[in-house]
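Novice: here's a sequence, model it:
(one chain, ligands or ions: 1)
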Amino acid sequence: MRWTGGRRSGNVIDARGRGMGVPVVGGGLGMAVLALVVYLLGGDPSVITDSVPQQPSAGVPAGPGPAANDEASQFVSVVLADTEDTWNTIFRDKFGRDYPEPELVLFTDAVQSACGFAQAAMGPFYCPRDRRVYIDLAFYRELRDRFRAPGDFAQAYVIAHEVGHHVQTVTGVSGQVGEARARAGRAESNALSVRQELQADCYAGLWAHHAQRTRDVVEPGDIEEALGAASAIGDDRIQRAGGGRVAPESFTHGTSEQRMSWFRRGYDTGQMDACDTFGG
Ligand SMILES: [Zn+2]
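Specialist: Okay, the predicted model is just below:
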């Protein structure tokens, strides 16, 4: 992926090194299981441990500060800027209004979000209550080592997917899904969650489409890399890797095949309308 030289977002909050002073539970396998569990539950921030009483985001600065200059934060900042350009264009064309940009918090070890307390290696998540994407960069090592999905494009895809959940929040999709899930039985509730996740994958594809058209970011092998990431963290693969039975009714992200196919759809069309995972 060609990313150097791209515009950097002003919405990155660097909270690294401001850990909450809470010991990280387990190492090795424990960490992996934590990451898996939270990724499985991705997109539903209410499941992030609520054991710590709600409080302001302790340890997280109130807003973006001076830009950090290490490569990892520059990369995240360029990818976030690409998602802003993508969604600003789409919102203007489709809704005739500005896109309310989310903030992105980089953290290490642990972080207090408005959605609860999150520990390291949980994987990235989006919190609709403070409209922030949270990323612990250690997750990228997990992605590479454990899920065998290396590469910067795979990492960018993960950010674009979380930003997709932000878009679902501001368009009202997340609210509607939440209400429908509250009324539904378990199987239907999970099915709705899958559709929501697949739409976020399709939205990640829209980012890739627009970034490619405007900045020519895609290098040979990149799309396969993103698809590899989507596939590697599909629920069926995660359940198999965990030695569990593959039970479609308990899927929350969709199968690897579904995830790849919806990402592709977003990437090929560049159209938000192509991402109606709820119709039909
Ligand atoms: Zn998700």
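Novice: all strands for the stretch 51-200 of the chain, in order.
Specialist: With strands called from DSSP state E, counting those that start in this stretch, the stretch 51-200 of the chain shows them at 103-107, 110-113, 116-119, 125-127, 132-136.
Novice: packing partners of the shortest one?
Specialist: Applying 3 or more Cβ pairs under 8 Å, 6 or more residues apart in numbering; DSSP states H and E, one finds that strand 125-127 makes contact with strand 132-136, helix 152-170. All C-beta atoms are positioned from the backbone trio N, CA, C, and that covers glycine.
Novice: would residue 3 count as being in a helix?
Specialist: No - assessed by DSSP: H, G, I helix; E, B strand; the rest coil, residue 3 does not belong to a helix; its assignment is coil.
Novice: how many other residues sit next to the residue nearest to it when sequence neighbours are not counted?
Specialist: Take residue 3 and drop its neighbours on the chain: the residue closest to it by Cβ to Cβ, 6 or more residues apart in numbering is residue 78, 4.9 Å away. Neighbours of residue 78 under the rule other Cβ atoms under 10 Å: 22.
Novice: if we can go back for a sec, among the strands of the stretch 51-200 of the chain, which is nearest the ion?
Specialist: strand 125-127 (7.5 Å; Cβ to the ion).
Novice: can you give the strand pairings for that closest one, parallel or anti for each?
Specialist: Note on strand 125-127: by DSSP bridges, its sheet partners are strand 132-136 (antiparallel).
Novice: next one, pLDDT for the residue lying closest to residue 161 once chain neighbours are set aside please.
Specialist: Leaving aside its chain neighbours, residue 161 sits nearest to residue 204 (4.5 Å; criterion: Cβ to Cβ, 6+ apart). Predicted confidence (pLDDT) for residue 204: 95.
Novice: near the ion at all, stretch 144-164?
Specialist: No - contact of stretch 144-164 with the ion is not found when judged by Cβ under 5 Å from the ion; the minimum separation is 5.6 Å.
Novice: pull the distance from that stretch to the chain's centre.
Specialist: 9 Å (Cα atoms, centre = their mean, to the nearest Å).
Novice: same check on stretch 178-190?
Specialist: Worked out by Cα atoms, centre = their mean, stretch 178-190 lies 22 Å from the chain centre.
Novice: now do that stretch: distance from first to last residue.
Specialist: Distance between the two ends of stretch 178-190: 11 Å, counting by Cα to Cα, to the nearest Å.
Novice: list the buried residues of it.
Specialist: Within stretch 178-190, the residues that qualify as buried are 178, 181, 189, 190, counting by 16 or more other Cβ atoms under 10 Å.
Novice: show me the contacts for residue 72.
Specialist: 137, 140 (Cβ atoms under 8 Å, 6 or more residues apart in numbering).
Novice: what about it, distance to the ion?
Specialist: Applying Cβ to the ion, to the nearest Å, the value for residue 72 to the ion is 21 Å.
Novice: next: residue 252.
Specialist: 9 Å.
Novice: who's in contact with residue 155?
Specialist: By Cβ under 8 Å, 6+ apart, the residues touching residue 155 are 75, 79, 140, 143.
Novice: burial of the first one, as a residue count?
Specialist: What it means is residue 75. For residue 75, the neighbour count with other Cβ under 10 Å is 21.
Novice: next: the last one.
Specialist: Other residues near residue 143 number 25, with proximity taken as other Cβ under 10 Å.
Novice: wait, what's in contact with the nearest residue to residue 169 once chain neighbours are set aside?
Specialist: What sits nearest to residue 169 in space, not counting adjacent residues and going by Cβ to Cβ, 6+ apart, is residue 128, at 4.4 Å. With contact set as Cβ under 8 Å, 6+ apart, residue 128 has these partners: 45, 115, 165, 166, 169, 174.
Novice: how close does residue 181 get to the ion?
Specialist: Distance, residue 181 to the ion, using Cβ to the ion: 14 Å.
Novice: for residue 94, that is, sorry about that
Specialist: For residue 94, the distance to the ion (Cβ to the ion) stands at 22 Å.
Novice: tally of neighbours for that residue?
Specialist: Residue 94 has 13 nearby residues by other Cβ under 10 Å.
Novice: quick one, what contacts it?
Specialist: residue 272.
Novice: so what's the residue nearest to residue 161 up against?
Specialist: 157, 160, 161, 163, 164, 226, 263, 266.
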